[in-house]
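Peer 1: coords please:
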Amino acid sequence: MNPRPVKAIPHPDHSLTLTFDNGEVKRFDLAPYLGYPAFEPLRNIGFFQLARCQDGNLEWPGNLDFDPDRLYLESQPVPQSEAA
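Peer 2: As a prediction, this is how the structure comes out:
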């Protein structure tokens, strides 16, 4: 099982800085997924900013969530100087 997100910081460009339960900090770009009907509500940046981590999942109100394995595997490491 891959590490799970425990903290999410959403950014205006529809990316997220994620801290995982193993201490890694990575950046995930959600913009490529905004064309899918399930993720259409996330186009609204105000709604996107409501992202939160709960029980190892990244989620938004209304039962909208994102696969934690995909988050970990497709995100890019954040240099330590930027992770603080």
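Peer 1: Rounded mean pLDDT for stretch 8-22, please.
Peer 2: Averaging pLDDT along stretch 8-22 gives 97.
Peer 1: buried ones in it?
Peer 2: 8, 10, 14-20 (16 or more other Cβ atoms under 10 Å). Just so you know, the C-beta spots here come from the backbone N, C-alpha and C atoms, and that holds for glycine as well.
Peer 1: Same check on stretch 48-56?
Peer 2: 48, 51, 53.
Peer 1: do stretch 26-37 as well
Peer 2: Quick answer for stretch 26-37 (16+ other Cβ under 10 Å): 26-28, 30, 33.
Peer 1: List the contacts of the longest helix along the chain.
Peer 2: In the chain, assigned by DSSP state H, the helix with the most residues is helix 68-74. Contacts to helix 68-74, defined as Cβ atoms under 8 Å, 6 or more residues apart in numbering, come from residues 2-5, 18, 20, 26, 28, 56-58.
Peer 1: export it as PDB, just CAs?
Peer 2: Extracted C-alpha coordinates of helix 68-74, given in PDB (Å, rounded to 0.1, in the frame of the first residue of the first chain):
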ATOM      1  CA  PRO A  68      -4.800   8.200  -2.900                       C
ATOM      2  CA  ASP A  69      -2.600   5.800  -4.800                       C
ATOM      3  CA  ARG A  70      -2.800   8.000  -7.900                       C
ATOM      4  CA  LEU A  71      -2.000  11.100  -5.800                       C
ATOM      5  CA  TYR A  72       1.100   9.400  -4.500                       C
ATOM      6  CA  LEU A  73       2.300   7.800  -7.700                       C
ATOM      7  CA  GLU A  74       1.700  10.800 -10.000                       C
END
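Peer 1: Quick check: what element follows it along the chain?
Peer 2: Going down the chain from helix 68-74, the next helix or strand is strand 76-77, by DSSP states H and E.
Peer 1: pLDDT averaged over that following strand, what's the number?
Peer 2: Strand 76-77 comes out at a mean pLDDT of 96.
Peer 1: Give me the contacts around that strand.
Peer 2: 24-28.
Peer 1: thinking again about what came up before, next step: the buried residues of stretch 48-56 restricted to helices.
Peer 2: Phe48.
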